[in-house]
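Enquirer: A structural model of the following input is requested.
(4 chains)
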Number of protein chains: 4
Amino acid sequence: MIFDPILDKPQDECGVFGMFSPEPLDLAWFTYLGLFALQHRGQEAAGMCVSDGEKFHVEKDLGLVTQVFDERRLDSVRLANARVSIGHVRYSTTGSNLRFNAQPLTTRTNKGILGLAHNGNFVNAREVRNDMLMQGALFQTTNDSEVMLNLIARESHMDLVEATAAAMKRLKGGFACVLMSRTQLLGFRDPNGVRPLVIGQRDDHAYVIASEPCALYAVGARLIRDVQPGELVWIDRTGLHSLMVAPKKPTPCAFEWIYFARSDSQLDGADAHESRIRMGHQLAREHPVDADIVVPVPDSGIGAAIGYARESGIPFDYGLYKNPYAGRTFIAPTQEARELKVKMKLSPTSAVRGKRVVLVDDSIVRGTTSRQIVNLLREAGATEVHFRVSSPPIKHPCFYGIDTAARKELVASTHSIEEIRDLIGADTLTFISEQGIREAVGGPGLCLACFNGEYPAGTPLLNDVDKLALEV
Amino acid sequence: MIFDPILDKPQDECGVFGMFSPEPLDLAWFTYLGLFALQHRGQEAAGMCVSDGEKFHVEKDLGLVTQVFDERRLDSVRLANARVSIGHVRYSTTGSNLRFNAQPLTTRTNKGILGLAHNGNFVNAREVRNDMLMQGALFQTTNDSEVMLNLIARESHMDLVEATAAAMKRLKGGFACVLMSRTQLLGFRDPNGVRPLVIGQRDDHAYVIASEPCALYAVGARLIRDVQPGELVWIDRTGLHSLMVAPKKPTPCAFEWIYFARSDSQLDGADAHESRIRMGHQLAREHPVDADIVVPVPDSGIGAAIGYARESGIPFDYGLYKNPYAGRTFIAPTQEARELKVKMKLSPTSAVRGKRVVLVDDSIVRGTTSRQIVNLLREAGATEVHFRVSSPPIKHPCFYGIDTAARKELVASTHSIEEIRDLIGADTLTFISEQGIREAVGGPGLCLACFNGEYPAGTPLLNDVDKLALEV
Amino acid sequence: MIFDPILDKPQDECGVFGMFSPEPLDLAWFTYLGLFALQHRGQEAAGMCVSDGEKFHVEKDLGLVTQVFDERRLDSVRLANARVSIGHVRYSTTGSNLRFNAQPLTTRTNKGILGLAHNGNFVNAREVRNDMLMQGALFQTTNDSEVMLNLIARESHMDLVEATAAAMKRLKGGFACVLMSRTQLLGFRDPNGVRPLVIGQRDDHAYVIASEPCALYAVGARLIRDVQPGELVWIDRTGLHSLMVAPKKPTPCAFEWIYFARSDSQLDGADAHESRIRMGHQLAREHPVDADIVVPVPDSGIGAAIGYARESGIPFDYGLYKNPYAGRTFIAPTQEARELKVKMKLSPTSAVRGKRVVLVDDSIVRGTTSRQIVNLLREAGATEVHFRVSSPPIKHPCFYGIDTAARKELVASTHSIEEIRDLIGADTLTFISEQGIREAVGGPGLCLACFNGEYPAGTPLLNDVDKLALEV
Amino acid sequence: MIFDPILDKPQDECGVFGMFSPEPLDLAWFTYLGLFALQHRGQEAAGMCVSDGEKFHVEKDLGLVTQVFDERRLDSVRLANARVSIGHVRYSTTGSNLRFNAQPLTTRTNKGILGLAHNGNFVNAREVRNDMLMQGALFQTTNDSEVMLNLIARESHMDLVEATAAAMKRLKGGFACVLMSRTQLLGFRDPNGVRPLVIGQRDDHAYVIASEPCALYAVGARLIRDVQPGELVWIDRTGLHSLMVAPKKPTPCAFEWIYFARSDSQLDGADAHESRIRMGHQLAREHPVDADIVVPVPDSGIGAAIGYARESGIPFDYGLYKNPYAGRTFIAPTQEARELKVKMKLSPTSAVRGKRVVLVDDSIVRGTTSRQIVNLLREAGATEVHFRVSSPPIKHPCFYGIDTAARKELVASTHSIEEIRDLIGADTLTFISEQGIREAVGGPGLCLACFNGEYPAGTPLLNDVDKLALEV
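Expert: The predicted structure is shown next:
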């Protein structure tokens, strides 16, 4: 555990889950199932709290849900009369895999014991944090949840719902949170609804709040609706309540449909799998090519590749085998690590031999992996490789909870499309248009900040903040 | 570790790897890469030996390749002047996950230190074992490799190659082995070639022997040829040598092409991915149906589903999301464990809603999982489910190294196809014909014993053997 | 990790260590050595922080010092230019072995990052905690250090030394603390000096603060002096500074000399080993007996047994073998666990056969172990067992950081000495007098609260506090 | 795990345990207790086998008894109707801490499954091993038990008792073994009785065989007698049987009384604690000195120090504190490791300040530790240090199971006593005489080979053996 003078980089993509039952229910078990269904949203850490109205159990640690929660540890949070619970999975690409930053964050306050789990990023967290330091607050983690909990605790004259609404107004950015006391479950979403949050219910009337509907289905609940942008909902023994705290124009993150959400999820009325198929249609219409087969980069390019194949009439084929055992623990000598890891993970099948291949992937970030995949296909005998990408070029960092790499590492930020094509060695390279994404997803407005630099939910005041942080 | 009076059940499917280099090479590292590429053939245990002509290092343990070999442990087998190495991955569905049965098995003999790793099963291992017990042999494991090593050591007047050839003649069944001394690498395959074994070479002249070509590619070698059924090859500083010890009519295991081999592997001249596509064609021709989409059970049904879609003209779609984090460590209450595990692993996408679905899978063993998948599709709105299986019904146990479950658990052994269809709740259910499999795989003869009960490489003398084993 | 509505029981006995060097020094390593020397003061958890003026590294976990800090983890806190560090070992007899309560506690405040480690107990911690909750504070642990750090952070207009002095005035009880910022090391002791704290210095001018002198010697420092009761010392690049914040009549805890301190430690001018020898003299004078040998309960009764033997002229002998491998991990069936553990730990030698034995131990808490030891001696042939105890009967709980068991479990709280003698089966049983302890230790006044119920540093307001705690 | 061309060095000191019960008994649990009592004889590895007449369970691993056997693992060897069991603890000072060398060694043979655990060393193991290699035997470990088991299995026409007697006759050296089949427990001791082995019985008629009586007491058995030198005993449902296979003049190892045996053990009629007291008497008579206190090196010097103090009239005192947490896992930079480890383990108390100290230890091997202890005492203010050693100078290696370090490392092998005194910095240094040891131990003849080079049980034919071993 390392406290550096420079605060950690923005929080990364995560998954949240919460449940409230009017009758006793094995919520530790259901939270385990819900988190397991959300595992794709975060593999670094997992945790949960459970309460029966009196006791308040917490467990969290680094690792996958099934690693953190073996039977003994799941038993240790179990409560016979559990009525409320929350859980969290956390993702981090680099460095800050601190055990003490795992969520939910739990604390005693003048409103009793609280547990909070969040997905996303408060862009003004540092300013608020510095204000509170000056008022005597302690910050034991670099976790933004601690800022939210301090804001709530400061409002000692308000009840928990009022204080949470006040804190929502103070914080800016893209976030979706679940918060629990011993007797209440709260869920809230940033004013633009950048990060997703949905509500479900079981036949026994237990409510569920989660990042994606797949977590509802995992616990036997049906999807009721999305939490609205800027809405605060809370559930207690009297049922579900709602307050529109700070609604703005909805701009949910486009990347949920491009890549992040599971293909069995529906968010803000738009189905992930269908959107991906439509992205493929769109790509085929925008960027047709004469070729023999359409090959997805597994698994993220499958939906768009099917769509491209259907629209273009070129046969879909399985041209890249994906080794399901490839993971983080693979040892590789530093100098050739990335290249080797790609090679051990993906390997071309005979389908590409002598073929003109349309290769479909969801995005290009740094471009290095793409180059290796193109190379693998050529070595396996592909005569042409036409790269089709189901997102526009990523040119700008995300401040709302997706770690896209620093700007200078984004290949599309510093190179033209022709230069990228040359770098990755494809015969042709094209990206879907912004308008194409809007039409493929359909319904809602979208945050496309990483493509066009227009940040609907504000940006951090980096200079001021870094200076203050150093002083502390 | 438990020694029961009843000997363990037949050895299970495994992967083997061996390498010999005329010049010093980091063979620990290459064996790690090769085993990683063979990980799909065994997830229970992994191990390797490395020698430089004098030292002889061994490491093996329960776990995946990346779990057994972290950097420290890989370093512990590393030798600066390594010239020969072998490795093994082991699969076991039940019970006998004994650490002491992990391979390679190493032992001192009158031919120096030897290491042996095998894939497959000697059907007369028990008779041979009992013979040797009576001559004063010790058996410290229940591993068939120990029988082979005892046979080799008994021939104290022969050199290693001669003694191995003699042992090959004595043993029956389906097996593919790699064997190393400090200065030689040997590879051999049973008379019928039931289990696969291929030879490759790198540009630096290092030779590789492995269960599948993917392991050759992983270490930068190209495929030279298959080891022939009944052939013994050995490699030393003078190059590659061969002896046809006991060739019979080749009957490689059909299941390698149906399911086991990686889709980027080519065995005995037949490509795995292409064979699967052709199985789909064949299925569509044998069992056409009027439907809206073709959906594979991921990942094993993908190849045949693509083939079915192409031949039938019905669109291929991705109707089942597979949670990549689903694995053995998932906790589930016993009474609903299997059902829950299927549900947490597979989940239907919107693609199946309102559709008549052709569901393609590679095989049906017990049928319970199939029923749940059909059920998931119906709950998600599929109006019809037509189940197509790219292997014939499995009615007989395998004695050559594949653990297919006991005969009474094989649903096709005790039920008619119509009864199975009723059990799993499909609208129609059909299997590919034996002839269809033969045509789809093409080239070689095939072992189809689990479908038709014709065992080309003999069967164990169960009654005699069990009695003797009990006495010991 | 469990948050119960009832706050955890008083903090337990611990060891603290701090170091400040004007020149870069490997403080991670020295802190490791210092904590290792203090391991007898706490075996449940260990931790340390190190700073070089900019970076601030922290590691802590459950386990012994050598378990928490393997080479990799010690390296992870190491800093090339380290100048300040603190460390902590923690002891807990029951239940609350929470990983998140491990010390040092670290937090960002308006005075920069701070790390605090304490030994002892604030008797008014709950009142202060509740006050601060009402002002909006968060409490993430049940650790009293967090109360102290909140008090310090509240004084946002003061510098760190002033704020710490203010906090010292607010808190009551028995405590000895080390506190570090990036550039300062502070040490302070409660007004009565109930808990020990000493200052040392190395030849290279690095200062050390620790619970006992043995930790100074371990890092090559010599003992300069004790921190005085109520004194706050701080060390920075300009040297050692002192402020007498709240001195009262010194009453250090008598149990440090009876049992807790290492026999090579000197505290407040009184040597532990010599004090124990004198306790033996005193016991022999107060309670002579006609016997054949004097046998210590190893290891805690050795000093007093030697003293008893010398004063009485009865030969000292080694009548009880102590199995050095006896520890917490020994498995024992519940119903006979305690008895079996005593038997596996202590076993009589031939020295006691046919002898009248004077058995010397440092204290009797519950009495159950004593009964078994007497029994062991009798079974081994001792003809008489005369039990001599080098502390007075323990009748009252400690509120200053020693976990003596609940009052109702203290056998001397509910039984007369004659009843205890009968319970444990000794021929005679006598305890040293309070006056005897005072004379044996010599120099300072002493806290004898657990013997006589006179609490020099206050007692907790239990009723009020529990009520408030429940509301939160 | 590493197979080097040079075979591992001689087996080290160990503890063995075996139990046979006519009625079902929880032998896994009793074996755990017995091994725990023998833990001082080996800390590297532990293991046990248990049988109920049909099942045969084995568990063994590196670690202390309490580390290898947690509740889950102890349960895994438990059998409801257990009737026979054996166990082993193993000690190794260097290198060869191979998991696969842990004992008991178990194997299937023509006499059924056998388990063997041994203490000691066969001096002709290599010759026998090479003979058997030539006959086709496999050697999977470097464990001498495997040689014994091969010898037994070779005699396929004999029953287990006859074959074991034949094997005893073939092997030379110092050894004590327990051997079990599913229905018999055997115990045997080398012809000279160099290594100890005792027999006990419980009131329920269960028999116990163990290295020391403390293991009998631990399972509620009383000492019946020692196994005689050259005797083979076996226990089955008909009771205890005995065969004098190869008795010679008894010469048990003197070091059992000097250092190895627990102070509560009696071996071959001589009590360990009393023998140590008498060694102290003897030392005081042979080497009196004018001094103020007698200080033991804890814990091994305590008995002799008490004896010295009594005989000389100089007061015994506790001048060296021993840190009970000092162990192998302590991290120390290589260059100062040994010195630092001594300093962190032993630390002088105030007792030595200004005193002329008689320092009593059981032996001096390399002398480096002794020098540091003398130095510690001087730094703490001792004015004179008179070193008294309760064993003669060790000049020769042990071939019978005690690892005394290589001859060139034995300081007494290469230095005069005066040179050693100078090296360790003592004012005087004297050793007990060989005759003194004989008188102190009393009863039996003794093996004093490490002092005088007279090896009663033979020596290894090193040259021949090494050559053969290299060829293999």
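
Enquirer: pLDDT at the residue lying closest to A:Y400 once chain neighbours are set aside, what is it?
Expert: Here the nearest residue to A:Y400 in space, its sequence neighbours aside, is A:G174; by Cβ to Cβ, 6 or more residues apart in numbering or on different chains that works out to 2.8 Å. In short, each C-beta sits where N, CA and C put it, glycine included. What the model reports for A:G174 is a pLDDT of 95.

Enquirer: by contact count, what packs against the strand or helix carrying A:G174?
Expert: Under the criterion of DSSP states H and E, A:G174 resides in strand A:173-180. Helices and strands touching strand A:173-180, by 3 or more Cβ pairs under 8 Å, 6 or more residues apart in numbering or on different chains; DSSP states H and E, are strand A:14-20, strand A:84-90, strand A:112-122, helix A:144-154, strand A:185-189.

Enquirer: Which residue ranges of the stretch 151-300 of chain A form helices?
Expert: For the stretch 151-300 of chain A, the helices defined by DSSP state H, counting those that start in this stretch cover A:160-170, A:213-218, A:255, A:272-286.

Enquirer: Turn these into TSV, columns for mean neighbour count and distance to A:V342.
Expert: As requested, the helices of the stretch 151-300 of chain A are exported to TSV (neighbours: other Cβ atoms under 10 Å in any protein chain shown; distance: least, Cβ to Cβ, whole Å):
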stretch	mean neighbour count	distance to A:V342
helix A:160-170	20	42
helix A:213-218	27	28
helix A:255	24	22
helix A:272-286	24	23
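
Enquirer: Write out the residues of chain A neighbouring chain C.
Expert: Applying Cβ under 8 Å from any Cβ of the partner chain, one finds that chain A approaches chain C through A:1-5, A:54-60, A:76, A:105-110, A:112-113, A:133-140, A:146, A:149-150, A:153-156, A:472.

Enquirer: where does chain A have low pLDDT?
Expert: A:1-12, A:92-100, A:328, A:333-338, A:404-406, A:443-444, A:462-472 (pLDDT under 70).

Enquirer: Just want the residue of the stretch 1-150 of chain A that's nearest chain D.
Expert: Nearest residue of the stretch 1-150 of chain A to chain D, counting by Cβ to the nearest Cβ: A:R72, 10.8 Å away.

Enquirer: That residue in helix, strand or coil?
Expert: Per DSSP: H, G, I helix; E, B strand; the rest coil, the local secondary structure of A:R72 is helix.

Enquirer: distance of the residue of the stretch 201-350 of chain A at minimum distance from chain D from D:L320?
Expert: In the stretch 201-350 of chain A, the residue found nearest to chain D is A:I331; the distance is 19.2 Å by Cβ to the nearest Cβ. Distance, A:I331 to D:L320, using Cβ to Cβ, to the nearest Å: 47 Å.

Enquirer: neighbour-wise, which of the two wins?
Expert: Here A:I331 and D:L320 are compared on neighbour count by other Cβ atoms under 10 Å in any protein chain shown; more neighbours surround D:L320, at 25 against 18.

Enquirer: In space, what's closest to that one - neighbours in sequence excluded?
Expert: D:L346 is the one closest to D:L320 (Cβ to Cβ, 6+ apart), at 5.0 Å.

Enquirer: I figured that neighbour was touching D:G319, is that so?
Expert: No. Using Cβ atoms under 8 Å, D:L346 is not in contact with D:G319; the gap is 9.9 Å.

Enquirer: Please identify which of these two sits among more neighbours.
Expert: D:G319 (30 against 21).
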